[in-house]
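Novice: the sequence and its predicted three-dimensional model are supplied below.
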Amino acid sequence: MIAGAIIFAIGFIMHFFNIGRLPGDIVFKKGNTTFYFPIVTSIVISIVLSVIVYFIGRFR
């Protein structure tokens, strides 16, 4: 249930605060097909989660 709540919160934040469309994300549009690869968004989320886990481990 905790993992579901975390995934829900991440989805809520990305949807309402438009985090998933950072400069550097790759988008290909051709005809009816769209390919979206959020490389910069993935890097930013990875850095933020790494910092959070670091501080949780440090102060525990």
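Specialist: Here it is on my side, so go on.

Novice: state the distance from the spatially most distant residue from the centre of the chain to Pro38.
Specialist: Here the chain reaches farthest from its C-alpha mean at Gly31, the gap being 26.9 Å by C-alpha atoms, centre = their mean. To Pro38, Gly31 is 22 Å away according to C-beta to C-beta, to the nearest Å. Glycine gets a C-beta too; all of them are placed from N, C-alpha and C.

Novice: ditto for Ile13
Specialist: 14 Å.

Novice: neighbour-wise, which of these two wins?
Specialist: Using other C-beta atoms under 10 Å as the criterion, Ile13 and Pro38 rank with Pro38 on top: 18 against 12.

Novice: tell me what the lowest-mean-pLDDT helix or strand in the chain is packed against?
Specialist: Here the helix or strand of the chain ranked lowest by mean pLDDT, DSSP states H and E is helix 2-16, holding a mean of 84. The helices and strands touching helix 2-16, judged by 3 or more C-beta pairs under 8 Å, 6 or more residues apart in numbering; DSSP states H and E, number zero.
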